[in-house]
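Colleague: I'd like to go over a predicted model; first the sequence, then the structure.
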Amino acid sequence: MRSAWAERDAKQAVDGYGTAGIGADLALRIYSTQLLGRDPKLVMHGGGNSSLKTKERDLAGEELAVLRVKGSGWDMGAIEPAGFPAVRLDPLRRLRARKDLDDDEFARVQRAFLIDPQAPSPSVEMLLHAFLPAVFVDHTHATAVLSLIDQPNSEKICAEVYGERLGFVPYIMPGFTLAKKSAEVFEKNPKAEGLILDKHGIFTFGADAREAYERMIQFVTLAENRLQKNRKTIAVAKIPPQLAPVTEVAPILRGACTLRDANGEGAHKRLILEFRTGDAILAYVNGKDAARYACAGVLTPDHVLRTKPWPLLVPAPQGGQLDGFKQAAQQAAQKFIADYKAYFERNKARTKGAMLDPAPRVVLVPGLGLFGMGASAKDARIAADIAEAAVEGIGDAEAIGRFISAGEADIFDLEYWPMELAKLGARKGLPLEGQIAVVTGAGGAIGAATAKAFATAGAQVALLDIDVKAADAQAKAIGGSAIAIPCDVTNAASVHDAFNKVVATFGGVDIAISNAGAAWQGKIGEVDEATLRESFELNFFAHQKVAQAAVKIMLAQGTGGCLLFNVSKQAVNPGANFGPYGLPKAATLFLVRQYALDYGADGIRANAVNADRIRSGILTDDFIKERSKARGVSAQDYISGNLLGREVTAQDVAQAFLAQALALKTTADVTTVDGGNIAAALR
Ligand SMILES: [Zn+2]
């Protein structure tokens, strides 16, 4: 591992932050923290922290010794001055005289000595930084170091690799006791340049930012070099030659890991999946002893928050034998959940908290790779990143010896430590969290508004449109994990590909909003058949293609689902010369009922929205002008020509779709969103 320190960048940081009145020491503290945070081999997703001891003035102007320490929840790679709350150092150090400090006191101490009462809470490792004398203290969970110390004989290996240069602290969970013990270990060998925290990570010290940072690089490099010596290869298990594709495996696993609604009302707790593969991952998941090493615990205890104490390992999915795989995956997931509950029961005396959800967060699939899972695409990505670090770290630990983790009780303590749980932030608990929604015609007004409404409700959304540029612009406007996919809904292969892309990205489909459509006109006795057939292709058969593709995935998941269709006022109340548009829409209205009937027993609901006069690609401003002129009314009177006299918008239609998606006991429903039109009212 090379040092990324660049004098020119360091100087730029000092000059840049200097203009904002920030001292050179803090500027360099920020600079080197960013260097650490940007290398995933050192720091990932909130693991690791750093600090500086300096002098600053408090709000009354008095100069004090302070600890600038990383704030909880800040990402080191993107840290800024606000991410380093200043804490009065002297009272923190005086705490060392205490015998213990319980969680409630610890939480108060985290905020009691802040210079700025509005600053973020300092890291849970704040006291460890405070009790050590070095001016600059850096801490990481470097993967290579973890491979050395997640061993039965870790102390001996550290002595061999680091000699007296690093102190060795036995595993204690973060907090007051670990801080005290670390200071004691350091005081026995005050020449130490840092500390190893067994089964957890590494600290380095420096008189300046560069020294602490480059010592980190040096010690991690020594670990990397040691990992290259006397390696044994991992024995590979027999994998069937024909494997099922990821797009068929993912919905099965997603369904198997869904926590079913105990009340039978369909309010399942679903997860989003992110797939990863590659040579290193395959060597790991295909290992003969994978069930031992991959399930022996976490690489460093705070990974448990994202990955649970162990992953779910399923059998290799043999091609053409998915029924057998589905059964095996469901059994494995049920066993995981039962094992997690037993783990909680064994350890629950150690916490005041209730059991967290028992679903896995990482699935290892021999022959294919691994999946990270989470309530959102972001959480799934983080779980997959950490799982990949485990593949590397545990793989290397096995290559030089035998991987062991911190003990079960220690991992449990961390998983249920309120200070760590606070890092994850309060869960928003949005109504569609964990669900995946596909919207067709999403580049248009109604589709875009619908995609946005579903994303706001917590769903991951895929925006399909034949005009992928339009869909892409809308996906970007929604932000987050929203994706745009090109799709011609009248083409079966295009629909198949688009749904495969959704499954490859998020792991499945829960809600399909079949919205794409276009209007054709013509007097029915004279219209040519080609026009009628063209309209049927888009306004009927395309809905059928989309619904069929969605249902196939929903059945593989086995957790129900929701089909939503955009029918039109034309389906129930024909307009003159609008037969080519109204006829297929009327057929689509019956398609809704047929799906509701045929798949109700599978928990799949089918509903439709019957909207009218929405400004969109079908009802353009020019068209409105033309129609209003023909009727001798103003454009505004035309567009709001309904019983309520209110213009109906794409957002109103989107909210109707959302309400149908959330109404778990409603199927075969048609919701009218037209401001009131008695002639088009459903009976
Ligand atoms: Zn740590």
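Modeller: Nice, thanks for sending it over.
Colleague: mind listing the strands for the stretch 551-683 of the chain?
Modeller: Taking DSSP state E, counting those that start in this stretch, the strands of the stretch 551-683 of the chain run over residues 561-568, 604-611, 670-673.
Colleague: what about Phe454, how many residues nearby?
Modeller: A count of neighbours around Phe454, defined by other CB atoms under 10 Å, yields 27. Placement of C-beta: from N, CA and C, glycine included.
Colleague: with mean pLDDT, mean neighbour count and distance to Lys191 added, can I get the strands of the stretch 551-683 of the chain in a markdown table?
Modeller: Formatted as a markdown table, the entries for the strands of the stretch 551-683 of the chain read as follows, by pLDDT from 0 to 100; neighbours: other CB atoms under 10 Å; distance: least, CB to CB, whole Å:
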| stretch | mean pLDDT | mean neighbour count | distance to Lys191 |
| --- | --- | --- | --- |
| strand 561-568 | 96 | 27 | 64 |
| strand 604-611 | 96 | 26 | 68 |
| strand 670-673 | 94 | 18 | 75 |
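Colleague: can you check which of these gets nearest to Leu364?
Modeller: Between Leu364 and these, the tightest spacing by CB to CB is seen for strand 561-568, at 26.7 Å.
Colleague: pull up the pairing partners for the closest one, direction included.
Modeller: With DSSP bridges as the test, strand 561-568 is paired with strand 511-514 (parallel), strand 604-611 (parallel).
Colleague: make a markdown table out of the ones you listed and add distance to Gly16.
Modeller: Conversion of the strands paired with strand 561-568 to a markdown table gives the following (distance: least, CB to CB, whole Å):
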| stretch | distance to Gly16 |
| --- | --- |
| strand 511-514 | 47 |
| strand 604-611 | 53 |
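Colleague: counting by contacts, list what the strand or helix carrying Asp396 packs against.
Modeller: Assigning secondary structure by DSSP states H and E places Asp396 in helix 377-400. Helices and strands touching helix 377-400, by 3 or more CB pairs under 8 Å, 6 or more residues apart in numbering; DSSP states H and E, are helix 143-149, helix 209-227, strand 272-276, helix 279-285, helix 290-293, helix 304-307, strand 362-365, strand 369-374.
Colleague: got CSV for the ones you listed, with distance to Ala65, mean neighbour count and mean pLDDT too?
Modeller: CSV is the format used below for these (distance: least, CB to CB, whole Å; neighbours: other CB atoms under 10 Å; pLDDT from 0 to 100):
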stretch, distance to Ala65, mean neighbour count, mean pLDDT
helix 143-149, 31, 26, 98
helix 209-227, 18, 21, 98
strand 272-276, 45, 24, 98
helix 279-285, 46, 17, 96
helix 290-293, 46, 16, 96
helix 304-307, 33, 24, 94
strand 362-365, 43, 28, 98
strand 369-374, 41, 26, 98
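Colleague: any figure for the gap between Val298 and Thr140?
Modeller: With distances defined as CB to CB, to the nearest Å, the gap from Val298 to Thr140 amounts to 16 Å.
Colleague: how about Ala550?
Modeller: Using CB to CB, we find Ala550 at a distance of 45 Å from Thr140.
Colleague: domain-wise, how is the chain divided?
Modeller: 7-227, 246-423, 436-612+648-675, 615-647 (automatic domain parsing).
Colleague: mean pLDDT lowest where, among these?
Modeller: For the domains of the chain, the weakest mean pLDDT is recorded on domain 615-647, namely a mean of 85.
Colleague: now that domain: buried residues?
Modeller: Of the residues in domain 615-647, 615-619, 624, 627-628, 638-639, 641-642, 647 count as buried by neighbour count, 16 or more other CB atoms under 10 Å.
Colleague: please apply the same query to stretch 596-606.
Modeller: Under the neighbour-count criterion of 16+ other CB under 10 Å, stretch 596-606 has Ala596, Tyr599, Gly603, Ile604, Arg605, Ala606 buried.
Colleague: one step back: out of the helices and strands packed on helix 377-400, which comes closest to Ile386?
Modeller: In this view, these are compared for proximity to Ile386 by CB to CB, and helix 304-307 is the closest at 5.1 Å.
Colleague: for the closest residue to Ile382 other than its chain neighbours, the count of nearby residues, please.
Modeller: For Ile382, ignoring the flanking residues on the chain, the nearest one in space by CB to CB, 6 or more residues apart in numbering is His45 at 5.0 Å. His45: 19 surrounding residues under other CB under 10 Å.
Colleague: all the helices of the stretch 151-300 of the chain, residue numbers only.
Modeller: Counting by DSSP state H, counting those that start in this stretch, the stretch 151-300 of the chain forms helices over residues 154-162, 176-188, 209-227, 246-257, 279-285, 290-293, given from the N-terminal end onward.
Colleague: okay if I get those as TSV plus distance to Phe578?
Modeller: Supplementary listing: those in TSV, determined by distance: least, CB to CB, whole Å:
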stretch	distance to Phe578
helix 154-162	77
helix 176-188	74
helix 209-227	70
helix 246-257	39
helix 279-285	55
helix 290-293	62
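Colleague: and of those helices, who's closest to Ala680?
Modeller: The minimum distance between Ala680 and the helices of the stretch 151-300 of the chain falls on helix 246-257, with 38.1 Å, by CB to CB.
Colleague: who does the closest one touch, helix- and strand-wise?
Modeller: Where contact means 3+ CB pairs under 8 Å, 6+ apart, helix 246-257 is packed against strand 272-276, helix 322-347, strand 362-365, strand 369-374, helix 492-506, helix 542-557.
Colleague: of all these, which lies closest to Ile446?
Modeller: Sorting the helices and strands packed on helix 246-257 by CB to CB, the top spot, which is the nearest, belongs to helix 542-557 at 14.4 Å.
Colleague: picking up where we left off before, between the helices and strands packed on helix 377-400, which gets nearest to Thr19?
Modeller: Ranking the helices and strands packed on helix 377-400 by distance to Thr19, with CB to CB as the measure, places helix 209-227 first at 19.0 Å.
Colleague: distance of the residue nearest to Val633 when sequence neighbours are not counted relative to Arg627?
Modeller: The shortest distance from Val633 to any residue that is not its chain neighbour, by CB to CB, 6+ apart, is 6.9 Å, and that residue is Gly641. When CB to CB is applied, the distance between Gly641 and Arg627 equals 10 Å.
Colleague: from Gln544, how far off is the nearest residue to Ala384 once chain neighbours are set aside?
Modeller: If the residues on either side of it in the chain are set aside, Ala384 comes closest to Gly372, at 2.8 Å by CB to CB, 6+ apart. For Gly372, the distance to Gln544 under the criterion CB to CB works out to 34 Å.
Colleague: many thanks, have a good one.
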